[in-house]
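Peer 1: Here you go, sequence then predicted model.
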Amino acid sequence: MNCYYLLLLAILFEVCGTVCMKLSEGLSRLLPSILIFVFYAISFSIFTLALRGIDVSIAYAIWAGLGTALITVVGVFWFKEPVNALKIASLFVIVAGVIGLNLSDRMT
């Protein structure tokens, strides 16, 4: 399987774990609290497999950038967090940075 697909899958599980953090209400709800650890364990396991074919610096930058962007979108649409022009512009900067790092890996 393509390592970038594995990385994307790891990011999706990480986002699920982060959503469960919010749903756990400070670890006071049992099922979301348990799912935090389940999703993060799956995420880190898949991330480790993705590192077989991607440099750790590039993989982690993609992980952090896309994870941040996705959880922001989830926060705005699911948890009704406020959105403004600066938040949207910042998301574009994050995505541009991830693309730039990915392209820089191919230029060497």
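Peer 2: Cool, got the structure.

Peer 1: next one: phi and psi at the most centrally placed residue in the chain?
Peer 2: The C-alpha lying nearest the average C-alpha coordinate of the chain belongs to Gly67 (CA atoms, centre = their mean; 2.0 Å). Per-residue torsions, Gly67: phi -60, psi -40 (degrees, to the nearest 10).

Peer 1: who's in contact with it?
Peer 2: Ile11, Glu14, Val15, Thr18 (CB atoms under 8 Å, 6 or more residues apart in numbering). Every C-beta, even on glycine, is put in place using the N, C-alpha and C of the backbone.

Peer 1: ok, of these, which come out buried?
Peer 2: A residue is treated as buried here by neighbour count (16 or more other CB atoms under 10 Å); on that basis the buried members of these are Ile11, Glu14, Val15, Thr18.

Peer 1: Tell me how far the third one lies from Gly26.
Peer 2: With distances defined as CB to CB, to the nearest Å, the gap from Val15 to Gly26 amounts to 19 Å.

Peer 1: Equivalent analysis for the last one, please.
Peer 2: Relative to Gly26, Thr18 is positioned 14 Å away (CB to CB).

Peer 1: Show me where this structure has its helices.
Peer 2: Counting by DSSP state H, the chain has these helices, from start to end: 3-23, 30-50, 56-77, 85-107.

Peer 1: quick one: buried residues of the longest one?
Peer 2: What that stands for is helix 85-107. Within helix 85-107, the residues that qualify as buried are Leu91, Ile94, Val98, Leu101, Asn102, counting by 16+ other CB under 10 Å.

Peer 1: and the nearest residue to Leu51 once chain neighbours are set aside, what is it in contact with?
Peer 2: Distances taken as CB to CB, 6 or more residues apart in numbering place Ala59 nearest to Leu51, at 5.8 Å, with adjacent residues excluded. Applying CB under 8 Å, 6+ apart to Ala59 gives the contacts Leu7, Phe47, Ala50, Leu51.

Peer 1: phi, psi of Asn84?
Peer 2: With angles defined as degrees, to the nearest 10, Asn84 shows backbone torsions of phi -150, psi 180.
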